[in-house]
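# predicted coordinates and the sequence they were generated for:
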Amino acid sequence: MRTALSLFDRLLTALAWVAGAIAVAIVVAICLNVALRNILGQTIYGLFDAIEYGLLAMTFLAAPWVLSKNAHVTVDLISRGLPPGPGRRLARITSLIGCAVAVIFLIYAFQAMTASMARGSMIRTAFTFPEWWTLSVAPLSFALIALEFLRQAVWPPGRPMTETGL
């Protein structure tokens, strides 16, 4: 079981690194685009479309890792005031609710992706490619988020959350 959890954590970390690499590529591309526009009067064709798709992918790829680190936004007004026993029960309940919501989103995201595949929908902007390519990252992300919520329902995080985040 520990090996499977370790592999799962490695997958989440790898996807977070990919999301980070996308963020770095976006920053570099924007800086390069600004420099090219100011120096040569030229811009990088299709950059804004690529940035949009990169932001989409980056967000979905990093979300499961952020959840696993408890680095997401939480409203803990009630849970922080509870003793450890009831606090853990509440954490389990909210994790199960989160898992259920992620599964619902997974179902709808998968349906949207498969419907796009069946229709043969294409995105035609600066690039032309199948629409389902952009939709495929959402089912993956929601599946991993559901699994992470399930893990947190079974084993609530024991580490205290700091006031400063990560």
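The structure has been received and is ready for your questions.

# so what's the residue count around Ile78?
10 (other C-beta atoms under 10 Å). Every residue, glycine included, has its C-beta placed from N, CA and C.

# ah, wrong one, I meant Ser136
Neighbour number of Ser136 under other C-beta under 10 Å is 18.

# which element follows the lengthiest helix in the chain toward the C-terminus?
Criterion DSSP state H: the longest helix present in the chain is helix 2-39. Moving toward the C-terminus from helix 2-39, the next helix or strand (DSSP states H and E) is helix 47-68.

# list the contacts of that following helix.
For helix 47-68, the surrounding residues in contact (C-beta atoms under 8 Å, 6 or more residues apart in numbering) are 9, 12-13, 15-16, 18-20, 22-23, 25-26, 29-30, 33, 72, 125-127, 134, 137-138, 140-141, 144-145, 147-149, 152.

# on that earlier part again, got the angle between the longest helix of the chain and helix 47-68?
150 degrees (axes from the mean of the first three to the mean of the last three C-alpha atoms, to 10 degrees).

# what separates helix 2-39 from the chain centre, distance-wise?
12 Å (C-alpha atoms, centre = their mean, to the nearest Å).

# how about that helix: buried residues?
Judged by neighbour count using 16 or more other C-beta atoms under 10 Å, the buried positions of helix 2-39 are Phe8, Leu12, Leu15, Ala16, Ala19, Ile22, Ile26, Ala29, Asn33.
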